[in-house]
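> Pasting a predicted model and its sequence here:
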Amino acid sequence: MNDISLHIIDIIQNSLSAGASRIGVTIEENILKNRLVVSISDNGKGMTKEQVNRLDDPFFTSRTTRRVGMGIPLFRQSAEQSGGSLEVTSEPGAGTTVNATFLNDHLDRPPLGDIANTIVLMVSANPDIDFLFRYIFNDVEYVFDTVEVKEVLEELPLNDPAVIRMLTGMIAENIKDLKIQSD
Amino acid sequence: MNKIKSLDDLRKMKQSLEHGLQIRENSNSPESLVQIRVAMATCGIAAGARTVMNTLIEKLEKEKIPAVVTQGGCMGYCYAEPTIEVKVPGKDPVVFGKVDSAVAEDIVVKYIKNGELIDGIIPVNYQTINEQK
């Protein structure tokens, strides 16, 4: 994985496999505390304690098409090599939260990647799922909620290329603004 | 185009967008659309599925082909990632392997638009190691 946003796609894919209808992605970039936290939470079917404990075993997977599952181990490796950690909390029937913390200025911290493109791709590829994306930069915050966006767009499809371009631009613009506001 | 920042901006842009979308509205039944599923499990993502997905969306728009691009899980063809499954109306679905941006553009123009067969199709009778008896 070249950047953190690819890990985010990977974890979202897990949420989708768990039957989630609402997925939250929160990115918190705190320069003062030298911390970058990425959190993905869903309302999918969740996991038992035993399943959570086995997540770091690459030969543990719930799928049947192949016998290995590298998503969580790779994400954890990314976090730990950057002086951070990864935590998974889950409850059967309630959902799962994956929390990855990175030391922001660590040499081995992968770049965040094109997060606006990543979020909008996930939204457009899964128009029936509700996504709540929050980007917190120091003390300011931007929220992108597909429930609100769908209300505005009404019958306009989320997977239309022009809509994709517009939403990507909107998120990118707002993130850029956060960084200016915070200065 | 003006920069869009708020939901209000989005609301304003909506009208101009609706205008261009009318053709699509008329043919809104899924069977009449090309459906593409990009495999996006760990293997696919690491191999470049996101880039392929972006290329597909752009190219389909450029060629004015009404299509839906969605995301799928692992199909077991990890050796051939990124893989995409293409369902053209009236035809059986076809899975392409080792798709990069150049191949993705070929698939849109040659396979979807002109109906030619191209390299890289994973045969339907292919079995993953786990399936083999």
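Structure's in. What do you need? Here the structure is a predicted model, which is why all the values come from computation and not from measurement. Residues are numbered from 1 along each chain as shown, chains lettered A, B, ... in the order given.
> Name the residues that touch the lowest-mean-pLDDT helix or strand in chain A?
Within chain A, no helix or strand scores below helix A:49-53, which has a mean of 88 by mean pLDDT, DSSP states H and E. Contacts with helix A:49-53, where a contact means C-beta atoms under 8 Å, 6 or more residues apart in numbering or on different chains, come from A:60, A:88-90. Every residue, glycine included, has its C-beta placed from N, CA and C.
> And the residues you listed, which is closest to chain B?
For those, the residue nearest chain B by C-beta to the nearest C-beta is A:Phe60; the value is 13.1 Å.
> Neighbours of the closest residue in space to that closest one that isn't next to it in sequence, how many?
Nearest residue to A:Phe60, sequence neighbours excluded (C-beta to C-beta, 6 or more residues apart in numbering or on different chains): A:Arg54, at 4.3 Å. Neighbour count for A:Arg54, taken as other C-beta atoms under 10 Å in any protein chain shown: 15.
> Surely A:Arg54 touches A:Gly69?
No. Counting by C-beta atoms under 8 Å, A:Arg54 stays clear of A:Gly69, with 9.5 Å between them.
> anything in contact with each of these two?
By C-beta under 8 Å, 6+ apart, the residues touching both A:Arg54 and A:Gly69 are A:Phe60.
> Stretch A:175-183: which residues count as buried?
A:175, A:178 (16 or more other C-beta atoms under 10 Å in any protein chain shown).
> Can you classify B:Val69 as helix, strand or coil?
Here B:Val69 is recorded as strand under DSSP: H, G, I helix; E, B strand; the rest coil.
> In contact with the closest residue in space to it that isn't next to it in sequence, which residues?
Ranked by C-beta to C-beta, 6+ apart and with sequence neighbours excluded, the top spatial neighbour of B:Val69 is B:Ile36, at 4.9 Å. By C-beta under 8 Å, 6+ apart, B:Ile36 lies in contact with B:56, B:60, B:67-70, B:84-87.
> Let me have those residues in JSON lines, extended by pLDDT.
Listed next are the contacts of B:Ile36 as JSON lines, based on pLDDT from 0 to 100:
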{"residue": "B:Leu56", "pLDDT": "96"}
{"residue": "B:Leu60", "pLDDT": "94"}
{"residue": "B:Ala67", "pLDDT": "91"}
{"residue": "B:Val68", "pLDDT": "90"}
{"residue": "B:Val69", "pLDDT": "93"}
{"residue": "B:Thr70", "pLDDT": "92"}
{"residue": "B:Ile84", "pLDDT": "95"}
{"residue": "B:Glu85", "pLDDT": "94"}
{"residue": "B:Val86", "pLDDT": "94"}
{"residue": "B:Lys87", "pLDDT": "93"}
